[in-house]
Each structure stands twice: as structure tokens, then as C-alpha cells.
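got a sequence here, can you build the structure:
(chains A and B)
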Amino acid sequence: MAEWAIVPVLWPLLTAIVLIMQGGTPGRQRTISILSLLGLIAFELVLAASVTDGSILVHRAGNWRAPYGIVLVIDRLAIIMLLLAGVTALAILSYDAADPDPVIERLPFFFPLFQFLMMGLNGAFITGDLFNLFVFFEVLLISSYGLVTLGATARQLRAGLQFMVLNLVNSALFLFGVGVLYGLTGTLNMADLAQKVPLLPPSDTALMQVAMMTLLIVFAGKAALLPLAFWLPDTYPTPPPAISAMFGGIATKVGVYAILRVFTTVFADVRAPGAEVLMALGIVSMLIGVLGAVAQTELRRLLSFHIVSQIGYLAFGIGLFTISGVAGALFYLVHYTIVKCALFLVSGAAERLGGSADLKKLGGIAHLSPALAALFFVAAVSLAGLPPTSGFFSKFLVASAGIEAGRYFGVTICFVAGILTLFSMMKIWTMGFWGDPPATTAPAPPRRGVLLATGLLVSFSVTLAVGAEPLYQFTTATAAQVLDTAGYVEAVFAPGGRP
Amino acid sequence: MRLSLLVIPILPMILAGLLPSAGRLGHRGLPLVCGAVASVTLLLALRVAAPAFSGHAVTATIPWAPATGLNLTFLVDGLSLLFLLLILGIGLLVIAFARFYLSPDENLPRFYASLMLFMAAMLGVVTAGNLLLLVVFWELTSISSFLLIGFWDRDPAARSGAYQSLIVTGIGGLALLAGVLVLGGAAGTFDIVALAARGAEIRALPEMPVALGLILVGAFTKSAQVPFHFWLPSAMAAPTPVSAYLHSATMVKAGIFLLARLWTIFAATELWFYAVTGFGAATMLVGGWGALRHTDLKRLLAYSTISQLGLITMLYGLGTREAALAATFHILNHASFKAALFMSAGIIDHEAGTRDFAQLGGLRRHLPRMTILVGIAAASMAGIPPLNGFMSKELFYEATLPAHMADSIGASLGASWPWLLPVVAVLGSTLTMAYCLRLVIGTFFGPEGPYPQHPHEPPAGMRAPVELLATFCVAVGFLPGLIAEPLIATATSAVVGAHVHPHLALWHGLNPALLMTLIGLSAGAALYAARRGSARRALPPRLGRTAGELYDVAIHGMMDSARALTSRYQTGRLRTYILTILGLLLVLAGWHAWHASWPGAGGAAPLPARMPMTAVPRGAMVITVLTIAGAASVCALYRHRWPSILALGLVGALVAIYFAWMSAPDLVLTQLLVESVTTILVVLVLYFLPRKTRDREPRLRLILDGAFALLVGVSASAVIYAILRRPFESISSYHIANSLEGAGGGNVVNVILVDFRGYDTLGEITVLSIAAIGVLALVQAGRRTT
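So this is what the prediction gives:
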């Protein structure tokens, strides 16, 4: 199976090439994209079946063995991320198929760019090489840039420029950090680094700290942790809702993933100061991010601030670096990817239905489309962490992991941010969904397919709550595997490849 | 058996899920179906709970998420039984009432769905045997009551009332969850039976005060205790059947239920005694006073509910079995008379078109039957014999007497201030009597008001639930042993965890309690008489701020500061952003590096440089430094873009020279190519942009920015220098060794690019093509929009 581990990267790349070569109408591009995605998800499920027992698939690119060539590694964590990306993407493309966005219709470049984005995501999720992670961050960044500016309105270009510049600064820092690490250890393979970093003499600790803090800042910036999230709230609300949903759902998770991966391999032995900083950033994000959301009245902008806040929960849970902390954070990650994506899609439909993105002008969506309102309500309640949804479990698991570790201050902030989340989500509800519908608009209710695509995501959130046990078992097993650095190293260095 | 316990909350929940698409049933069919399901649930509950009557708790556990500690553990004992009967019994009456109260034009499926969801959540709270499961249902009551209170969502008052109640009870719910997590984490289980069995051990835990404090915040917010009571009057914007249900028997009683549930564990602690008794007493007085201040009939009832809830809370706080008995009994009595009163308020509103005392009065001529019914219910609330309210009031008085607290945690309070609690109790009753008089007289007696519509008796079906409840109040008064005693005995036994054999009776002889009753009633009558003239008016605004206004101030303050804070850091200026990123990195990396290398902090200083640097001719060094400095100055000083671009290109070319000197011709070519193409491209782009570039910056900012940039540059150079001077081993020796033999290429750099790390190159090539597509998309979009 291991030799197939490269497919999640090559598949979207080939699809993108096909899409570019054959051109054609948006409808045809959409069909190809969805079919390709279905195939990819099916394949990933096959991969999943062979890693759930705890085995780790290692693909050696060019058959060069580690650490001399690049390895691709698929373990439980990677498969969670791959499947999440696939499912989110499928929901988004189905949503767009049901109710094509005019901008996407006009600019079918969306479809290859979307595949490239998938390629960047998947590549980042499965690489076992620090420099290769940088490469896939670039793939991700450049395709994101194309997507966020799709439509090229003045607001998009302005936000897109900042997005680009800040991410370039980030990339430069990434290279700097990787360079320092290479200078210290002479290697780029994460498993190899995991072995060599602990052997560094004490006189190199200072430089190693510089490298760790640099990479932490880089990944925290990618993940949109405060105070490094400037680019996010201006960028995410501007493109068509389907694109917002993809970014809000999965794209920022790459940063979180990278932190988890790098701090359980490269820095596993020396991560204590980094973990403290990570938790601190998480706590700041949780609270300040949600306050940002409280201050907004524009639908998708408000949701964008929530991303910052929710990432804070992930950072806090991961920063504990205990099995329950990481397991809770991973549960949270699954839940929140799904719910956030659903919320962006519902908001897109609500904006269209109500004729405005501004809550002050919206109203009465619940009277215009009760089904859409119900979907929003469940997703909102889930985001706020109330039962009977996956959000409740997520918050509860992260908080109890925090209590277990004696991090009472962080846990307190978890709860305070939770209530503020409820506050701002219900503000959307009371302002946008209750009350009188705006008199000026008389649009058609959202199409069945739109409701179906978002409904699937929302019901997935409820299913995750009803069936919390299997997922939690799996994230616990994943956390145990991720925290077992030696197991990862052993898998990567298992015999194989050219001598 | 196990499954049937699960069915109790599930059955109404399933119905709630089906109702939104059951609009066809119409305004007659919907309540019928709901009533049928509630009745079936009631029968089932009675059947399942039969052993609870004889004191045997029924439990069942179905695994939900055992790894997290959250299981579907159900526990039905006497206390659950009492609440099951209240929730389902009053629920049935409310459904019947709503059938007549709500207009057929309303969105009835939504109403009944929310109502059944709420009922299911309440049933879950009172049958939960796992604290986490209790929290789950608890939050579900908050959500469903939000939907119910905001049912008339086009009314701004309904929206804000619903919002406020959700926020306040949501805060409480999270506090409860936090408390439960602390408690369960410390005790090792969330199972209520297991926790109750280890009461003494739990009371001794160091985490106990934190856990209990948080749990009490949850209970107090739900049960509208001071200072969280303000949400309840705002929730009066709900349709009256909702108020009758939520604020008599269910929602607000959930907090009380929690106190009763945890009584065996915590009642013997000082924190419990002082906090629960104290907040309960304060709530009783504040609520009673509030009921005298408002002219809206429903608001009066809301404040009276607060007051009565305070009374029950206070009783559970006292920690004696007598007090627990009185509290439990009063739960039943309050539910009966308060539901009757809320429904009556709805009827009056429905018939007279107003519920404002300024427009009411003299209704007894138009609504003679309602006058009697309201009279009975109000008399019960005031504690007038021979009604059920009188009996629980008597027990209440007795429980506050120091003699009854001798063996409990309150003994010291009873000894030092023996009069304190009895006086509070009498004061509470005085206020109760006064507002009950105001309620009855203000509505039905005195001169007729300017009713907006001509009042007449309501349809029999609407009045029937009120009649039933009033009959119940009288019947319990006359036949307490037959109707209430077995239920109250088993419920109280479950609360205190021991067999209690109460003797409920109207006449207990001439004792202090009777005296207190008499004082309370007459003082209340006097208080009413004293301000009778103003019965139709609201009292002048109170000095200071009420809790509700404080809430508003807090919310607005929070929102304002959130706005201010956000606009402070989300400035939209790249300079601030980059400054923050690099500044944070400097601080973090600097601090940790310093810490790691400072021996005093346990670190080890870097070894002195060991590797010799490659020697560079002095002239080359000078040229390099001058070029870099010159380029930097040009960029900083010139306000035009072109010189800056050219200067930067020069630095790039300089790098190429260094490559050449280090004998890497491929790199020289690449570098030169990239530099010149970039420069040409940028210059081309600039050609299309406006000539003028930057605004003049304040000099100080320029200097600061320059200093910062210098600091970043020097720091990065220092790190690179340190790395260059340390011994270095890398994997590249393998690459060099295997380049020709393994990969068939003589140039190792090329082999790395296309073979050893060809996968990287694949990614980089892709980046280029993505960039091309992105540019194309931008150009096309731009062309079509302009």
C-alpha cells in the first residue's frame, strides 16, 4: 500500500492538468472535478483502512531512502486531515453545483485552482520532510492567492495583496528557520531531525530555540493565531462563499497540522518552551478572536473572526501535548472543519436570500427559508459548543484535558470564549434570521441541492455527537501515535529504498 | 426496563423532530398529537418509576461515549418522579391551554416542536443519572426555551428577552459544565449515585469549593436567583402558555432540581449553607419587592416566581431534613398555583386585551369564574389556609426557627442571630401577601378599567386547565395525606437520602409557625392597604441600578471595547502587521535563546567559534558593504520606486558575483537571470502605475522603522554568523557519493534538483503554473469588469 501514498498529491495535480488542457464549460469542469474528488475520497478510504490499525505508510519519492530523499508518510493523523479536506471539498463543489456562483461561472479558472489547492493541502499533510513542507505551503499559498482574488473586485485585490505580502514574509521566515535547523543538523527529514535535535550539544541550544520559535511563528501565522492573524479577517469574507468555506473549513488547519507534526517529531524532545508559547497564543486567540467576532456585523467577516478564536482552542489543546489534550484538539478539529464550512455555506445562501451580507440590513431569514434557518441554528449551536452537537464534545474534551493538566487559566478562557461565541452566533440569529424580512427583496428560497450539501455537513456534526465514542477512540489512538515519536522515526527508517 | 428509561426523554424529542413537517395536522391536530405523546410518556414514566414509589431508585446505563465519561445513565427516584409528574402533568395542561390560546394563523408546528423539545430536555434533566448527561439536557432546555421565548420573533421585546435568557442561562450552563468537570475530575466519576455514595469524601476534596461554586452559578442562573434574576421578567415576552410552563413547573425549577439532586453531597458544607440560604433569602425579598413595583400582570407574576424560587432555594440551603421537606412540598404547590395564575393572566390578556393594571380592575363582573379561580390560586400563593400553599409556608416557617437547626450546619447562625431567618421569612411572606392582594384586587375589584376590548368569560376549554389546578390547590389542602403525602415523602426521601415520614396537615396546633403566618398575612394586608392608592401605578424608579441594567451596561461595554480593541489591531496597514510579526519573533526567539545560553538560567553559552570563515579580499568586502548600504539608503530615502528597484537589482547581482567566486557557475546564471527578469518585470509594471509613490512620513516614524529594520537584519545576520562558525556535518556527502553511480548525473546540484529531491521540484514547477493561471484569472476578471 505504501507505494500508493503519493496518490493524494498526484491525483489533484493530474485532475488540474486535465481541467486546464480540455477547458470546456464550467459545467463540464465541475463534473470532472466532482468525479475526480469522489475517486480521491474513495482511494483515501482505502488508504485509511490500512492505517487505522496503527501502521504507518511510508513512500520514498524516487525510491531514495530517508534521510537522503523525500519521504511521504501517512499515519492516522495524516489520513484524518486528508479525509477532512476531501469531504469539505466535496460538500463545497456540490454546493456550487446546486447553485453556481456567478463569479465562478464567469471565471472557470476556479476549478483547476481548486485542485491545486487540494494538492497543496494533501502534500502538506503527508510530507515527512521539512523543506518539502515549505514547497507545499507555496503550492497552497499561490493557489489560495488565485482563489481569494477570483473576481478581482477592489476589496479582494486589496485584501489579496496583504494576504500575499504577509504570507511571503512568512515564507521567508520559514526558509530562515529551516536554514538554521539545517545548519545545526545537516538534514531536512523530520524523522532524522527528531533523532538529531536531541543530540545537539548544549552550546547549540540557543540557535535551536531560535529555529523553534521561528517555525512556531511561521505555523502560528499560517494557522491564524493572534497576534499573527491579520491577513485572515480581511481576506476570507471577500471571495465567493464556496471559496470562503474552503478556506474557513480546512485551509487554516494546515498551520495547526504543521505545529502538531513538527512539534511531535523535530522538536519532540525540546518542545516545552514552544508548548508554553503555543498555549499562550491559543489563549489570546480564543478570547481576542471572539471579541473581534462580537464587534462585527458582516456575516462572513464575523465568521472569519470566529476562525481565529476556534484555532485558539486547537492550539490550547495541542499545546498541552498530552494524549487527552491532543485527542480533544483533534476531535475539535474534525468537528470545527465541518461546522465552519457549513456555516460559511449557509451564510452564503442567507446573504443571497436576504440580499445583503450586513446583519443590520438582514432579517427574517427564518420566515423566508425555515430549512436554511434550521441548518444555521444547529451549526451555530454546535460552534458555540452546546449539546447535542459535536461542538459540545469538542469543547468539553479540550476543557477537561486542560483541567487534567492543571491549566485552569486556559480552561477559564475556553469557557469565557465559549459564552462569547454563543453571544455572537445568536446575534446573527436574532438579527438575521428572526424579525421581519427586508421589504425590498423577494428572492427565491435556496435550491434543494444547497440545502442538501449543507444539510449533510450539519447532520455530520450531529452524528459526530451521537457517535462520539468511535471518533474519540480514533482521535485518542491518533494522539497516542502522534506523540510516539520513536514509532514515527522507526517507520520512516524501516528498511527499504535504494541503499 | 433499561430502554424504557431512555424512551422517556426520547419520545417527545422524536415528536419534536417530526413536527416541523407536520403542518397539515392543523391547529386542532397538533396539540392532540402532542397531548397523546405526552400522555403515553406519562403512563410509561409511571410504569417505569413504580419502584421509586417504594423508595427504590431505578437506574440504567447505556454506553454513549464511555471514553469521555459521558454515558446515558438514567436515574429515576422519588425526586425524579415528582418532577416527571410536574413536567408531564403541567405539560398536558399547557398543551390544552395553548390549543385555545394560540391563533390558528401562528406558525404552530414550530411552536409545538419547540415545546416538545423543551419537554424532552426537562425530562432528561430530571432523569439523568450522570452529571455530564444532566448538563447536556440542561443546555438543551436553554436552547429550546430560547426558541419558545422568542416565538413571536417579529416583536423586538421577544427577541431581546429570548437573547437575554439564553445568554444568562448559557453562562450558567457553562459554569455548571466547568463545575461538573472539576468535580468529576477530582472524584473520578460523573455518576450521580456513585457521587452521592461518597459525599463525605467529596466534601473534603480541595477542589470542592470551586466545583460547588461553579455548580451553584449554574443553578442560580437557571432558577433566576439574585443577581441573575433579571432574565425572567424579560422572558415574559413569550406567549403565555410558554410562560405558564417554563416559569411554574419546569425551566426555572431545573436549578431547584439540581440543588435537590446535590443536596446529599453538599448540604453539609458551610459554603452551601451560606451561599444557598443567603442568595435564596435575598432573591425572595428582591422578587417580592419587584412584584409590587410593576404594573404588568405577567411581570408581577414573574417577580412573584422569582420570590417563590428564592424561598425554595433558601429552604434547600438550610440543610435540615425539615427544610428539605418544606422545599420539596413547595415545589409541587408552587407549580400548581403558579401555572394557574400564568394561564389566568393569559386569559385576562386574551379577554380584556390588556394585562396592564392601569387598564384593569373591576373584572369580577365580567369574569366571575375567573375571579374565584385566581382568588384561590393567589390565596394559595399567599399562604392562606386551607390551601396547599399555607401548608408548605407553615413548614417553611418552622424550618427557619433556630430550634430546628440545632444539629445542622446552621446551628451557629441560629445561636448568634436566632431572629434573623424567621424575620426574613416573615418579611418574605409580608411581601407575598401584599402582591397577592394587589394581583387579585387590582384585576378584579375596584373601578372598571378602560379595557381595550369588551371582556367576557373565556371558552370552557381554555378555563379547564385553570379549574383543574385550582381544584388541586384546594384538594391538597383538605386531603394532604391522600394526595400529596406519599409523593412528597418519597421525593424528600430521595433528596435527603434517608427515609422521611412527613405528616402533612392543616392544623399543627398553636405554635410559632402559626403566629408567623398571622403576622405575615396581616402585615402584608397592611402594606397593601398603605400603598393601595398606587396599586395601579408602578413605583418610582429605584435608586441605583438594577441587575438588568447592569447587564445591559456590561454587554454594551463589552461590545464597545471589543470594537475598539479590534479596530486597534486590525488596522489594515501592512507596516503594523509586519512589525508585529517580526517583533513577536524577535522577542520570543531572543528571550528563549538568551535563556538557553545564559548559565544563570541553567543554559550553556555557545562555544567560541571554531570554524574558520572563508577569507574574503578586503576590497571585495568594502564593495559589498557599500553596495548593500547604498541600496538600503536609496530605498529608504527616495520617494520614487524606480531607483529602489534598480538598487535592489544591484544587490542581487552582487550575490551572483559571490556565487561565481565560490565557483558555482549554474547558480550565477540562475541568479542573474532571475534578478534581471524580475527587475524588468517590475519596471514594466511600474510603468503602468501612477508616478507618485509614497506620502511623506513623519521623521520619527521613519527613524523608528529604520532602527527596527536594522535590529531585525542584525539579529538574522548574527544567527547566520553563529551557524557558519560551528562545525557542520550534513547528509550531502551521501548525495555527492551517489550522484553519478546511483542517479547517473555528474552535477550533484542538478541531481539533487531532478532526482534526490525531484519531488520538491515538481511542487515548485507547479507553483509557477498556478501563478500563471492566477494571473490569467486576474487579467480576465479585470478585462470583463472594466
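
pull the number of nearby residues for residue B:748.
The number of residues packed near residue B:748 is 17, by other C-beta atoms under 10 Å in any protein chain shown. Where you see a C-beta, it was placed from the backbone N, CA and C, and this is true even at glycine.

once you drop chain neighbours, what's closest to it?
Of all residues not flanking residue B:748 in the chain, residue B:739 sits nearest, at 4.4 Å (C-beta to C-beta, 6 or more residues apart in numbering or on different chains).

check contacts around that neighbour.
With contact set as C-beta atoms under 8 Å, 6 or more residues apart in numbering or on different chains, residue B:739 has these partners: B:745, B:746, B:747, B:748, B:751.

surely residue A:309 touches residue A:284?
No. In this structure residue A:309 lies outside contact range of residue A:284 using C-beta atoms under 8 Å: 10.1 Å.

and these two? Which one has more around it.
Between residue A:309 and residue A:284, residue A:309 has the larger neighbour count (other C-beta under 10 Å), namely 28 against 17.

please identify the buried residues of the helix or strand where residue B:46 lies?
Using DSSP states H and E, residue B:46 sits within helix B:26-48. By 16 or more other C-beta atoms under 10 Å in any protein chain shown, the buried positions in helix B:26-48 come out as B:27, B:30-31, B:33-35, B:37-38, B:41-42, B:44-45, B:48.

what packs against it?
If you count contacts as 3 or more C-beta pairs under 8 Å, 6 or more residues apart in numbering or on different chains; DSSP states H and E, helix B:26-48 packs onto helix B:2-18, helix B:78-101, helix B:108-127.

wait, which of those helices is closest to chain A?
Among these, the nearest to chain A by C-beta to the nearest C-beta is helix B:108-127 (7.5 Å).

following the closest one, which helix or strand shows up next?
Using DSSP H and E, the next helix or strand after helix B:108-127 towards the C-terminus is helix B:131-149.

list the buried residues for the worst-scoring helix or strand of chain B on mean pLDDT?
In chain B, the helix or strand scored least confidently by mean pLDDT, DSSP states H and E is helix B:411-416, which has a mean of 78. For helix B:411-416, the buried set under the neighbour-count rule, 16+ other C-beta under 10 Å, comprises B:413, B:414.

show residues contacting that helix.
For helix B:411-416, the surrounding residues in contact (C-beta under 8 Å, 6+ apart) are B:273, B:402, B:403, B:405, B:406, B:420, B:421.

closest one to residue B:722 out of these, please.
Residue B:722 lies nearest to residue B:273 out of those, by C-beta to C-beta, at 64.7 Å.

burial count for residue 203?
Unless you meant another one, I'm taking chain A. Neighbour tally, residue A:203, other C-beta under 10 Å: 17.

ah, I was thinking of chain B
16.

any low-confidence regions in the stretch 201-350 of chain A?
For the stretch 201-350 of chain A, no stretch has pLDDT under 70.

which residue does the stretch 651-786 of chain B have closest to chain A?
Closest point on the stretch 651-786 of chain B to chain A, by C-beta to the nearest C-beta, is residue B:730, at 2.8 Å.

I'd guessed that residue sits against residue A:182; true?
Yes. The criterion here is C-beta under 8 Å, and residue B:730 meets it with residue A:182 at 7.2 Å.
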